[in-house]
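A.B. asks: Okay, structure incoming, though there's no sequence with it:
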Ligand SMILES: Cc1cc2nc3c(=O)[nH]c(=O)nc-3n(C[C@H](O)[C@H](O)[C@H](O)COP(=O)(O)OP(=O)(O)OC[C@H]3O[C@@H](n4cnc5c(N)ncnc54)[C@H](O)[C@@H]3O)c2cc1C
Ligand SMILES: NC(=O)c1ccc[n+]([C@@H]2O[C@H](COP(=O)([O-])OP(=O)(O)OC[C@H]3O[C@@H](n4cnc5c(N)ncnc54)[C@H](O)[C@@H]3O)[C@@H](O)[C@H]2O)c1
């Protein structure tokens, strides 16, 4: 039997659900195809459960650090079963909201099964044939596992999905790959009393590209948890029921060595769609369209900024354009923003240092250290630094990188300024409360203002406290 529709969407994750809504604004004849589970990666095994685990770790750390304020508390006793019970039950609640949404959509517009292309507009879903005017591929990504590790380590090799099914915390864990997922989970589990070691392939830890900030991150995370750099040559082996890596024994190895797009196994090769030199699909991020074909791609499947809000935006654009095909519309995209929920947190807003350098941009850098920043010291969170980058000549903010307190919030301010095209002067003209961490941003902006040789901003001084450290950076 052949099902006919206007838009077929492969994958009911964040991007696929956004595509479904956007396409349904044009036509009832939309089909959402899901191979595994409804509920999205973000809610089931990604953003939400990882932040729940981090919240528990933060609670434990606050107890450990209380004595630094003169508040005496016993060392925290971590009840691993209770920690994981809360993570799972809150996770299930978030997943439940997604399921309610999907189950509220007409049954005739949903199909469970694994889709593959048999033509540019024809799909096979477990033996059923779908003919569509246009197709959105929103198949997400999966953990990348180095060749041979699964065979060698069996069930002792785990990925993020497994962590959020734990009934209890393990005694020990090797975390391999010091990118975003590795850093967030290793630090949280370390603070929850698991004997963790984070293994980085080279010297890089986390996504910071500014060499000074990357070096600071290596130092701060090296102080925060057991960290082995330059581990590329290390090969994990199984000894009995333990994983041995770098001479240390662990209950399991959590593989966080990156993610790869679920574009294989879809029969896409036979369609001959255009690819770049690296074999990646030649896509427009403003339309979602692959070449000039009726195939659109959105979310982690594109490998372009694999983040929740980007997946939602890209899904919306792809679903809307798939329904309009062949008259597709170009849509604007937001300023880049990425946050890592480590401690200290990391934020990259607008263009990164590496992107500016690669593009040959003419820019100056304003710097602030949080070591002596007033409010950060008050909270004993005075670790880290912020670098803001602005264009020479115009003073327009281009981007920023930060490791430090409240980076998740300051990152938003910076991304919004980048998107609006604010100049350093316009940012300095904005209100800054006292005493707040954002005053550190003002210090960096003032230095940048001076380096860019822009006219002096109005003098602002606090007579009630010593802000000399902030004025001086
Ligand atoms: C541990 C972790 C933490 C994260 N934390 C954050 C965070 O804090 N903030 C943030 O912004 N981002 C975070 N992310 C990233 C974020 O989760 C992803 O960017 C986002 O979920 C991608 O959504 P998606 O729709 O592209 O993919 P998904 O939600 O994975 O959806 C893809 C769907 O396609 C289905 N599918 C695949 N192949 C087929 C097929 N052939 N036929 C039918 N269906 C198919 C899959 O089963 C899946 O349901 C995190 C990710 C991880 C792993
Ligand atoms: N807070 C957030 O927003 C958040 C949280 C988690 C994930 N994410 C998203 O998920 C994406 C994927 O995260 P990720 O951590 O899987 O990827 P990643 O690219 O951030 O990190 C992978 C790391 O593994 C290292 N690596 C690769 N092979 C290795 C090997 N054989 N041995 C040791 N190290 C090795 C890489 O050098 C890199 O540092 C992120 O880019 C991000 O967009 C976002």
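C.D. replies: Sure thing, it's come through. No experiment lies behind these values; they were computed from the predicted model shown. Numbers count the residues shown, from 1 in each chain. Ligands and ions are numbered 1, 2, ... in the order given.
A.B. asks: Which of the helices or strands spans residue 18?
C.D. replies: helix 14-24 (DSSP states H and E).
A.B. asks: What average pLDDT does that helix get?
C.D. replies: Helix 14-24 shows a mean pLDDT of 98.
A.B. asks: buried stuff in it?
C.D. replies: 14, 15, 16, 17, 18, 19, 20, 21, 22, 23, 24 (16 or more other Cβ atoms under 10 Å). C-betas here are computed from N, CA, C, even on glycine.
A.B. asks: and it, what does it pack onto?
C.D. replies: strand 2-10, strand 30-34, helix 80-103, strand 128-137, helix 308-324 (3 or more Cβ pairs under 8 Å, 6 or more residues apart in numbering; DSSP states H and E).
A.B. asks: Turn the ones you listed into JSON lines, columns for distance to ligand 2 and mean neighbour count.
C.D. replies: Listed next are these as JSON lines, based on distance: least, Cβ to the nearest ligand atom, whole Å; neighbours: other Cβ atoms under 10 Å:
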{"stretch": "strand 2-10", "distance to ligand 2": "20", "mean neighbour count": "22"}
{"stretch": "strand 30-34", "distance to ligand 2": "21", "mean neighbour count": "26"}
{"stretch": "helix 80-103", "distance to ligand 2": "15", "mean neighbour count": "15"}
{"stretch": "strand 128-137", "distance to ligand 2": "18", "mean neighbour count": "23"}
{"stretch": "helix 308-324", "distance to ligand 2": "7", "mean neighbour count": "25"}
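A.B. asks: So which of these is nearest ligand 1?
C.D. replies: helix 308-324 (3.4 Å; Cβ to the nearest ligand atom).
A.B. asks: Would you mind pulling up the elements that the closest one packs against?
C.D. replies: In terms of contacts (3+ Cβ pairs under 8 Å, 6+ apart), helix 308-324 is packed against strand 2-10, helix 14-24, strand 128-137, strand 295-297.
A.B. asks: who touches the longest one?
C.D. replies: Residues outside helix 14-24 that contact it (Cβ atoms under 8 Å, 6 or more residues apart in numbering) are 6-7, 9-10, 12, 30, 32, 34, 40-42, 98, 101-102, 105, 109, 136, 138, 140, 296, 298-301, 308, 311-320, 322-323.
A.B. asks: How about the last one?
C.D. replies: In this structure, residues lying in contact with strand 295-297 by Cβ under 8 Å, 6+ apart are 19, 117, 120, 134-138, 263, 268, 271, 273, 281, 283, 287-290, 318-319, 321-322, 325.
A.B. asks: one step back: tell me which of the helices and strands packed on helix 308-324 sits nearest to residue 425.
C.D. replies: Judged by Cβ to Cβ, the one of these that comes nearest to residue 425 is helix 14-24, at 37.1 Å.
A.B. asks: And for the single nearest residue of the stretch 351-473 of the chain relative to ligand 2, the neighbour number?
C.D. replies: Nearest residue of the stretch 351-473 of the chain to ligand 2, counting by Cβ to the nearest ligand atom: residue 408, 8.8 Å away. As a burial measure, residue 408 scores 15 neighbours (other Cβ atoms under 10 Å).
A.B. asks: quick one: the helix or strand where it lies near ligand 1?
C.D. replies: Here residue 408 is covered by helix 407-420, with elements defined by DSSP H and E. No. Residues of helix 407-420 are not located near ligand 1 by Cβ under 6 Å from any ligand atom, the shortest gap being 9.7 Å.
A.B. asks: So which bits of that helix are buried?
C.D. replies: Result for helix 407-420 [16+ other Cβ under 10 Å]: buried residues 407, 410, 411, 413, 414, 415, 417, 418, 419.
A.B. asks: Around ligand 2, which positions in the stretch 301-450 of the chain sit nearby?
C.D. replies: Within the stretch 301-450 of the chain, the positions near ligand 2 by Cβ under 6 Å from any ligand atom are 306, 307, 339, 340, 341.
A.B. asks: now the second one, nearest residue through space, not along the chain?
C.D. replies: Here the nearest residue to residue 307 in space, its sequence neighbours aside, is residue 338; by Cβ to Cβ, 6 or more residues apart in numbering that works out to 6.3 Å.
A.B. asks: Please identify which helix or strand holds that neighbour.
C.D. replies: Residue 338 belongs to strand 337-340 when elements are defined using DSSP H and E.
A.B. asks: packing partners for the helix or strand just after that strand?
C.D. replies: Next in sequence after strand 337-340, counting helices and strands by DSSP H and E, comes strand 345-350. Applying 3+ Cβ pairs under 8 Å, 6+ apart, one finds that strand 345-350 contacts strand 337-340, strand 397-404, helix 407-420.
A.B. asks: Now render these as a markdown table, adding mean pLDDT.
C.D. replies: Below are the helices and strands packed on strand 345-350 laid out as a markdown table (pLDDT from 0 to 100):
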| stretch | mean pLDDT |
| --- | --- |
| strand 337-340 | 98 |
| strand 397-404 | 98 |
| helix 407-420 | 98 |
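A.B. asks: In CSV, list these along with distance to residue 330.
C.D. replies: Compiled in CSV, the helices and strands packed on strand 345-350 are given as follows (distance: least, Cβ to Cβ, whole Å):
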stretch, distance to residue 330
strand 337-340, 21
strand 397-404, 23
helix 407-420, 17
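A.B. asks: Please tell me how far the residue of the stretch 351-473 of the chain closest to ligand 2 sits from residue 348.
C.D. replies: Between residue 408 and residue 348 the distance is 12 Å, computed by Cβ to Cβ, to the nearest Å.
A.B. asks: Mind checking if stretch 312-330 is in reach of ligand 1?
C.D. replies: No. Figure legend: stretch 312-330 not in contact with ligand 1 (Cβ under 6 Å from any ligand atom); closest approach 6.5 Å.
A.B. asks: quick one: contacts of that stretch?
C.D. replies: Counting by Cβ under 8 Å, 6+ apart, 6-7, 9, 14-23, 25-27, 30, 133-136, 138, 284-289, 292, 294, 296-299, 302, 304, 331, 333-334 sit against stretch 312-330.
A.B. asks: Please name the residues that touch the one residue in the stretch 1-150 of the chain that gets nearest to ligand 1.
C.D. replies: When scored by Cβ to the nearest ligand atom, the stretch 1-150 of the chain has residue 13 as its residue closest to ligand 1, at 1.8 Å. Contacts here follow Cβ under 8 Å, 6+ apart; on that basis residue 13 touches 40, 41, 42, 138, 140, 299, 300, 311.
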